[in-house]
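> Here is a sequence with its predicted model. Questions after.
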Amino acid sequence: MKHNILLIGSGGREHAMTWRIAQSESCGSLFVAPGNAGTSALATNIEIDINNHQALKEFCLTHTISLVVVGPEQPLVDGIVDYFKSENELQHIAVVGPDSKASQLEGSKEFAKEFMSKYSIPTAAYQSFEADQLEEALAYIDQIQAPYVIKADGLAAGKGVVIADDTETAKGTLISFLKDKQFGEASSKVVIEEFLKGIEMSCFVAVDGTENYIILPRAKDYKRIGEGDTGPNTGGMGAISPVPFENEALSKKIEETIVKSTVKGILSEGYHYRGFVFIGLMIVEQNPFVIEYNVRMGDPETQVVFPRFETDYIDFFNAIASGKLNELKHVEIHEAATTVIAVSKGYPQSYEKGKTIVGLAVIDDDRIVFHAGTKTDNEKLLSNGGRVLAFTSYGQSIQSALDKSYEQLSKASFEGMTFRKDIGFDLETE
Ligand code: AMP
Ligand code: GLY
């Protein structure tokens, strides 16, 4: 049976998802809303306002869609899954993604902290403060030691976390979050938490609404714009999988102390959660702590995780939506995969779009160029975002995959193309 599918999103993550879905023999018509130039080569991009649920419904019924996959967090937090669950005529459609309540695990830092504390999931100690508790928050800074980790409670496009080395910066951040509402409602509450010194990695778990779960290949992303992990945070400048410092003992701890309790918590709370849990971890002396939950796959981590996770992706997404992950056949393939992101000059601050992109011919089967912010205009390929392209490669080792990613990237260009030359730099010494 062929499936008609609607995928929501427009980044490199969604291009990687499109690539995987299109490989399935049961793929019928595949639509991406809004998609990018990369997805348009494999699927039909559609212009539809994804916040207009009624329009989505009409589209799904007209095109006999049987599977909807939601890539990014915002539509999840905004209740897209709740809508599909609530409409009688849409009950036959399998939907991948949590409902808005469960999405609060990403949409509210305090909500996530309370969840972790209730289910004894290791995380940094914390206190939260509302806008009318600015004085208490400032006084709290005087009681604790630097560095200070201050997080806006709500979604702030990856910019809502400040790590301050001195009390002055910490207090200034609290004032701009709570008093000046730097991120509007999202910073009308803050979480101040203990600083964890360690090394970060990400763990992705597929859940299907039962006790079943599948842990996908782990990955590490590189969030800072500058080499040596310096400068402002971005959406992610590159990623590698697997994580070389993860040994069996650590994998076991992650599964036992974090994954199992998270799945149990989701079930005990009665959340409607059929999708991906992205667990951001800090490994402190070989012990994992959760620093954040996201309720979706990562970008650019998907561009290394999905290439290494081999299965029929339509079966995979349908299994997630129907509680049948225990029946899914899957294997991890390739020793390593890496991705290096090419971004527009100026990103993550202001940048220009519309630059002509050339040189994307792929050298061999070990490489894939995923598009992030791209579009086509009169057959010309143009940049259309901060993160523009993801150069993914397979390899026998992280280093050999990286060599291929950089070789492939060196053939491509657009005006102002910028990238980090040191993805994976930190792993030799860890
Ligand atoms: P988050 O959005 O919560 O993942 O935070 C963004 C980044 O801030 C993380 O990727 C970490 O690098 C850093 N971070 C967050 N929480 C902590 C913490 N408790 N201790 C140290 N670094 C942290
Ligand atoms: N790469 C981090 C994220 O997707 O949030």
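Arrived safely, thanks for sending. Numbers count the residues shown, from 1 in each chain. Ligands and ions are numbered 1, 2, ... in the order given.
> The helix or strand containing residue 305 close to ligand 2?
Here residue 305 sits within helix 302-308, counting by DSSP states H and E. No - if you take CB under 6 Å from any ligand atom as the test, helix 302-308 misses ligand 2, and the best it gets is 8.2 Å. Yep, even glycine has a C-beta here, placed from its N, CA and C like the rest.
> Residue 12 and residue 386, how far apart?
In this view, residue 12 and residue 386 are 11 Å apart by CB to CB, to the nearest Å.
> Next: residue 39.
Between residue 39 and residue 386 the distance, using CB to CB, works out to 18 Å.
> Could you pick out the residues of this structure near ligand 1 for me?
Going by CB under 6 Å from any ligand atom, the residues of the chain near ligand 1 are 124, 149, 151, 161, 163, 193-196, 200, 223, 280, 291-292.
> Also within reach of ligand 2: list those from the residues you listed.
Counting by CB under 6 Å from any ligand atom, no member of the residues of the chain next to ligand 1 is near ligand 2.
> Redo the residues you listed as TSV? Include neighbour count.
Below are the residues of the chain next to ligand 1 laid out as TSV (neighbours: other CB atoms under 10 Å):
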residue	neighbour count
124	18
149	19
151	26
161	17
163	15
193	21
194	15
195	15
196	19
200	16
223	16
280	16
291	20
292	18
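> one step back: which of residue 39 and residue 386 has more neighbours?
Per other CB atoms under 10 Å, whichever of residue 39 and residue 386 has more neighbours is residue 39, with 29 against 19.
> residues contacting the more buried one?
7, 10, 14, 15, 18, 32, 45, 371 (CB atoms under 8 Å, 6 or more residues apart in numbering).
> Can you flag which of the residues you listed belong to helices?
Among these, the subset assigned to helices under DSSP state H consists of 14, 15, 18.
> ok, how many other residues are close to the residue nearest to the first one when sequence neighbours are not counted?
To tie it back to what came earlier, the one meant is residue 14. Among residues not flanking residue 14 along the chain, residue 71 sits closest, at 4.5 Å (CB to CB, 6 or more residues apart in numbering). For residue 71, the count of nearby residues is 26 (other CB under 10 Å).
> Over to residue 297?
26.
> In contact with residue 68, which residues are there?
Counting by CB under 8 Å, 6+ apart, the residues that residue 68 touches are 5, 6, 7, 8, 60, 84, 93, 94, 95, 96.
> what do you get for residue 96?
Per CB under 8 Å, 6+ apart, neighbours of residue 96: 67, 68, 69, 70, 274, 275, 276, 317, 320, 321.
> Could you list everything the closest residue to it other than its chain neighbours pairs with in the sheet?
Distances taken as CB to CB, 6+ apart place residue 69 nearest to residue 96, at 4.5 Å, with adjacent residues excluded. Counting by DSSP bridges, residue 69 is bridged to residue 7, residue 96.
> circling back to that earlier point, what's the offset of the helix or strand following the helix holding residue 305 from the middle of its chain?
Going down the chain from helix 302-308, the next helix or strand is strand 309-310, by DSSP H and E. Offset of strand 309-310 from its chain centre (CA atoms, centre = their mean, to the nearest Å): 18 Å.
> So residue 424 sits against residue 398, correct?
Yes - counting by CB atoms under 8 Å, residue 424 does reach residue 398; the two are 5.4 Å apart.
> would you turn the ones in helices among the contacts of residue 39 into CSV with neighbour count and distance to ligand 2?
CSV is the format used below for these (neighbours: other CB atoms under 10 Å; distance: CB to the nearest ligand atom, whole Å):
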residue, neighbour count, distance to ligand 2
14, 30, 12
15, 34, 14
18, 31, 17
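> which residue packs closest to whichever residue of the stretch 251-400 of the chain sits closest to ligand 1, ignoring adjacent ones?
Nearest residue of the stretch 251-400 of the chain to ligand 1: residue 292, at 3.7 Å (CB to the nearest ligand atom). Nearest non-adjacent residue to residue 292, counting by CB to CB, 6+ apart: residue 280, 4.1 Å away.
> Quick check on the nearest residue to residue 182 once chain neighbours are set aside: phi, psi?
In space, and not counting its chain neighbours, residue 182 is closest to residue 176: 4.5 Å by CB to CB, 6+ apart. Dihedral pair for residue 176: phi -70, psi -30, per degrees, to the nearest 10.
> likewise residue 350?
phi -70, psi 150.
> what separates it from residue 134, distance-wise?
Distance from residue 350 to residue 134, by CB to CB: 30 Å.
> what does residue 155 give?
Taken as CB to CB, the span from residue 155 to residue 134 is 22 Å.
> Count the residues that sit near residue 49.
By the criterion of other CB under 10 Å, residue 49 has 11 neighbours.
> what's the weakest-modelled helix or strand in the protein?
strand 230-233 (a mean of 89; mean pLDDT, DSSP states H and E).
> Can you name the residues in contact with that one?
158, 159, 161, 223, 224, 225, 348, 349.
> now the helix or strand containing residue 39: how far from the chain's centre is it?
Assigned by DSSP H and E, residue 39 belongs to helix 37-40. For helix 37-40, the distance from its own C-alpha centre to the chain's C-alpha centre is 19 Å (CA atoms, centre = their mean).
> again with stretch 108-116
Using CA atoms, centre = their mean, the offset of stretch 108-116 from its chain centre is 18 Å.
> buried stuff in that stretch?
Neighbour counts using 16 or more other CB atoms under 10 Å place 108, 109, 110, 111, 112, 113, 115, 116 of stretch 108-116 among the buried residues.
> Could you do stretch 254-266 as well?
254, 257, 258, 259, 260, 261, 262, 263, 265, 266.
> Dump these into a markdown table; add secondary structure and pLDDT as well.
Below are the buried residues of stretch 254-266 laid out as a markdown table (DSSP: H, G, I helix; E, B strand; the rest coil; pLDDT from 0 to 100):
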| residue | secondary structure | pLDDT |
| --- | --- | --- |
| 254 | helix | 98 |
| 257 | helix | 97 |
| 258 | helix | 98 |
| 259 | helix | 98 |
| 260 | helix | 98 |
| 261 | helix | 98 |
| 262 | helix | 98 |
| 263 | helix | 98 |
| 265 | helix | 98 |
| 266 | helix | 98 |
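> ok, of these, which one's closest to residue 334?
For those, the residue nearest residue 334 by CB to CB is residue 254; the value is 21.3 Å.
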